[in-house]
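Colleague: sequence? don't have it. structure:
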């Protein structure tokens with residue numbers, strides 16, 4: 001075993017040695033690991049993953065509960081490794097998908113969940129487990145892999161030590177202790193090091209940290225961790241920050257810190273107790289609203305039901321003392337008898353029963369701080385980042401930092417989709433054909449396109465707003481996919497593949513908009529085994545018995561017209577906001593922009609060349625549309641027309657390309673190919689129609 005492997009094994013042995021002690025029997029793994037260093041945690045999570053995958057595949061890792069138990073920490077450490085090792089990035093991609101699917105399906109500890117028809121399924125089916133296992137055996141679990149894991153340990157260990165030059169507070173003045181601290185780094189180069197930034201802060205005070213980490217704008221920032229002396233607050237915030245950094249993330253945290261600083265001592269105690277009980281802390285926005293709604297919470301000096309009952313009785317006695325005095329002084333024998341009876345009951349109360357019933361009625365809880373309850377309606381006072389006051393804005397020149405969005409109108413949809421695939425991934429006619437089929441057969445006018453080096457993905461825009469729908473999940477999972485860009489495709493006419501427009505969308509803002517304004521199904525429509533149709537309310541469907549569920553062949557959620565219209569309005573508003581700040585470009589400029597992003601991701605130095613996929617290169621060459629080049633380490637090698645008569649292969653993992661000034665050649669090819677696809681689709685529709693006619697006869 002190499003030095004790196006021995007180091008990992010030694011750390012694992014120390015952790016498991018503690019877990020196996022007699023006094024720790026019955027404790028969970030993380031009950032023990034939480035008391036160990038990050039180095040031990042990394043060694044155990046990576047070591048367990050390696051052992052499970054090598055002995056039974058990634059399915060075994062899920063089945064045995066390791067995904068459920070380790071995914072959060074494993075993801076955190078993989079994100080660190082992914083900055084320098086593509087193997088971590090590949091594993092991270094699978095864990096992201098599993099995590100998103102597990103949330104959507106509400107799977108159990110072992111990755112199982114129930115389909116709508118009552119059948120049990122497994123979250124591992126969302127990925128190709130066999131292909132992953134084969135890849136892992138070939139690339140991981142070897143000496144250099146454990147060197148990478150040790151590198152992650154070294155990085156995290158260094159993070160725990162305050163970096164040179166970081167801001168220090170005056171230890172003699174306790175009031176200067178920050179409410180929040182965020183550790184930031186340059187996402188593009190972790191070797192620069194990072195800084196712990198105290199919040200709240202100002203744009204001026206933040207600038208030295210940004211300069212030290214060579215951060216020019218929000219897109220260069222990675223927030224690794226949020227900490228606070230307020231118990232549970234740092235963990236609550238860090239748990240909500242799984243998506244990519246946006247300009248609003250740091251500013252929203254800064255605003256939260258300012259709101260907490262403005263709380264009185266009593267309000268701060270209520271805030272801490274609410275966090276401890278996990279009340280309204282699902283996001284930074286929720287926490288801001290918690291500070292706004294602090295008046296609806298109450299803490300009583302009672303730590304169990306009996307103490308609460310006694311406290312309530314004492315308060316009632318105090319409140320009615322004047323009334324009791326009147327009864328005592330009354331000349332009416334009945335009233336005087338009543339007060340004597342009340343006083344007798346006061347001497348023999350069942351405080352515990354009274355306190356228990358009272359707490360249950362108002363759903364209060366007993367905490368270390370006392371009896372805690374929420375009396376009133378929690379209001380969403382803070383709704384969006386637009387409401388953050390200027391004094392908490394730390395990126396005043398945001399418009400100069402963000403890459404401008406782009407838009408283009410009047411595009412030929414089929415030809416444009418073909419060109420996007422050709423320059424930003426491997427074009428296949430099947431993929432574009434499916435998109436065109438979706439458009440012509442659908443009732444939507446707005447669609448979402450995601451573009452990255454893995455190709456192009458396509459969805460009706462409204463699906464992003466449907467709870468549990470595909471695109472919202474895809475947006476979340478692609479948040480960590482480098483270079484992913486989102487576009488809104490709007491058809492000039494519903495169901496027509498003729499012309500339309502493309503508008504780039506802000507990825508993180510799109511995700512936030514879809515989640516904030518999501519809609520839920522109003523009912524379920526099912527096709528039964530006997531051919532009949534049935535409808536279920538959501539409640540009935542959730543509680544349907546297994547016998548009736550087994551009779552359901554297909555079941556789909558249905559949404560009310562009002563909900564769909566509301567989601568469409570929200571999307572239109574968001575689209576208009578993006579359009580207002582987007583720069584108008586031509587089709588050619590958009591294609592070149594996507595091409596540059598692809599070439600940069602492929603580490604191809606010849607970014608002035610326009611990358612094209614294999615089949616396009618052969619046809620462009622055969623037709624004489626443009627000169628075609630093979631890009632090698634030595635430069636651009638021009639191909640002859642004779643090369644079109646034989647398979648054109650990649651050499652040295654480089655690309656085939658044409659010169660940017662010859663983009664008209666790509667236009668000719670894409671338009672010809674689009675016509676072929678449309679003619680094939682029309683033939684398919686005619687044959688389908690004829691087949692139906694023959695069946696009717």
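Modeller: Arrived safely. Treat the numbers as computed from the prediction; the structure is a model and nothing was measured. Numbering: from 1, shown residues only.
Colleague: Tell me which stretches of the stretch 401-550 of the chain form strands.
Modeller: 406-412, 446-452, 455-460, 485-491, 499-505, 523-528, 533-537 (DSSP state E, counting those that start in this stretch).
Colleague: Quick one: closest of these to residue 123.
Modeller: Closest approach to residue 123 among these (Cβ to Cβ): strand 455-460, 20.5 Å. Glycine gets a C-beta too; all of them are placed from N, C-alpha and C.
Colleague: tell me what the closest one is packed against?
Modeller: helix 413-424, helix 429-441, strand 446-452, helix 470-477 (3 or more Cβ pairs under 8 Å, 6 or more residues apart in numbering; DSSP states H and E).
Colleague: Can you point out the buried residues in that strand?
Modeller: Neighbour-count burial for strand 455-460 flags 456-460 (criterion: 16 or more other Cβ atoms under 10 Å).
Colleague: Same check on stretch 116-134?
Modeller: Quick answer for stretch 116-134 (16+ other Cβ under 10 Å): 116, 122-124, 126-127, 129, 132-133.
Colleague: Centre of the chain to it, how far?
Modeller: Stretch 116-134 has its C-alpha centroid displaced from the chain centroid by 21 Å (Cα atoms, centre = their mean, to the nearest Å).
Colleague: Quote the end-to-end distance of that stretch.
Modeller: In terms of Cα to Cα, to the nearest Å, the two terminal residues of stretch 116-134 are separated by 32 Å.
Colleague: Same check on stretch 194-211?
Modeller: In stretch 194-211, first residue to last residue: 11 Å (Cα to Cα).
Colleague: Now do the buried residues in that stretch.
Modeller: Using 16+ other Cβ under 10 Å as the test for burial, stretch 194-211 gives 194-201, 203, 206, 209-210.
Colleague: sorry, back to before: closest one to residue 30 among the strands of the stretch 401-550 of the chain?
Modeller: Judged by Cβ to Cβ, the one of those that comes nearest to residue 30 is strand 446-452, at 34.2 Å.
Colleague: Which neighbouring elements make contact with the longest helix along the chain?
Modeller: Looking across the chain with DSSP state H, the single longest helix is helix 663-696. With contacts defined as 3+ Cβ pairs under 8 Å, 6+ apart, helix 663-696 has these neighbours: helix 413-424, helix 429-441, helix 587-601, strand 609-612, helix 614-623.
Colleague: thinking again about what came up before, any idea which of the helices and strands packed on strand 455-460 is most buried?
Modeller: Mean neighbour count (mean count of other Cβ atoms under 10 Å) peaks for helix 413-424 among those, with a mean of 25.
Colleague: Can you pull out the low-pLDDT segments for the stretch 251-400 of the chain?
Modeller: Scanning the stretch 251-400 of the chain for pLDDT under 70 picks out 316-324, 336, 339-348, 386, 396-400.
Colleague: Okay, helices next: where are they in it?
Modeller: Along the stretch 251-400 of the chain, the stretches classed as helices by DSSP state H, counting those that start in this stretch are 265-276, 284-292, 305-319, 321-329, 333-347, 351-361, 398-401.
Colleague: try the stretch 1-150 of the chain
Modeller: Per DSSP H, counting those that start in this stretch, the stretch 1-150 of the chain carries helices over the ranges 3-19, 29-33, 38-63, 66-81, 86-105, 129-139, 143-159.
Colleague: Would you mind listing the buried residues in the third one?
Modeller: Think helix 38-63. Buried-residue list, helix 38-63, by 16+ other Cβ under 10 Å: 38-50, 52-53, 57-63.
Colleague: Repeat that for the shortest one.
Modeller: Neighbour counts using 16+ other Cβ under 10 Å place 29, 32-33 of helix 29-33 among the buried residues.
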